[in-house]
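A.B. asks: what's the 3D shape of this:
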Amino acid sequence: MMQHRIKLRPDEVKDFVAAATKCACDVDISYNSFIVDAKSIIGVLGLNFNQVLTVSYNGYDEAFEKYLKKFAVAC
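C.D. replies: Residues are numbered from 1 along each chain as shown. Got it, this is the predicted structure:
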């Protein structure tokens, strides 16, 4: 399972969801115990953007990995 910790702003949600939708595998985004489908714009907009978010998915997608790097948060 791939996991990335990111920081996302509300104005970046549309592009984030579009990038997640291109992945062949399921993509989740979460903080604490709140988990939503990263391919759902309504679900992602319901997140608390003041929190560090965790993106999780099975598989590997090079384009999505590259896209996520611009939102990366140091662990």
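A.B. asks: longest helix anywhere in this protein?
C.D. replies: Longest helix of the chain, by residue count under DSSP state H: helix 13-21.
A.B. asks: what is the subsequent helix or strand relative to that one?
C.D. replies: Moving toward the C-terminus from helix 13-21, the next helix or strand (DSSP states H and E) is strand 27-31.
A.B. asks: buried set for the longest helix of the chain?
C.D. replies: Val13, Phe16, Val17, Ala19, Ala20 (16 or more other CB atoms under 10 Å). Every C-beta, even on glycine, is put in place using the N, C-alpha and C of the backbone.
A.B. asks: then stretch 7-26 to PDB, C-alphas only?
C.D. replies: Only the C-alpha atoms of stretch 7-26 are listed here, as PDB (Å, rounded to 0.1, in the frame of the first residue of the first chain):
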ATOM      1  CA  LYS A   7      -1.300  19.400   2.700                       C
ATOM      2  CA  LEU A   8      -4.200  20.400   0.400                       C
ATOM      3  CA  ARG A   9      -6.000  23.700  -0.100                       C
ATOM      4  CA  PRO A  10      -9.700  23.900  -1.100                       C
ATOM      5  CA  ASP A  11      -8.800  25.600  -4.500                       C
ATOM      6  CA  GLU A  12      -6.600  22.500  -5.300                       C
ATOM      7  CA  VAL A  13      -9.400  19.900  -4.800                       C
ATOM      8  CA  LYS A  14     -10.700  19.800  -8.400                       C
ATOM      9  CA  ASP A  15      -7.300  19.100  -9.800                       C
ATOM     10  CA  PHE A  16      -6.500  16.600  -7.000                       C
ATOM     11  CA  VAL A  17      -9.700  14.600  -7.600                       C
ATOM     12  CA  ALA A  18      -9.100  14.600 -11.400                       C
ATOM     13  CA  ALA A  19      -5.600  13.200 -10.800                       C
ATOM     14  CA  ALA A  20      -6.900  10.600  -8.400                       C
ATOM     15  CA  THR A  21      -9.700   9.600 -10.900                       C
ATOM     16  CA  LYS A  22      -7.000   8.700 -13.500                       C
ATOM     17  CA  CYS A  23      -5.600   6.000 -11.200                       C
ATOM     18  CA  ALA A  24      -6.800   2.500 -11.900                       C
ATOM     19  CA  CYS A  25      -6.900   1.600  -8.200                       C
ATOM     20  CA  ASP A  26      -9.000   2.900  -5.400                       C
END
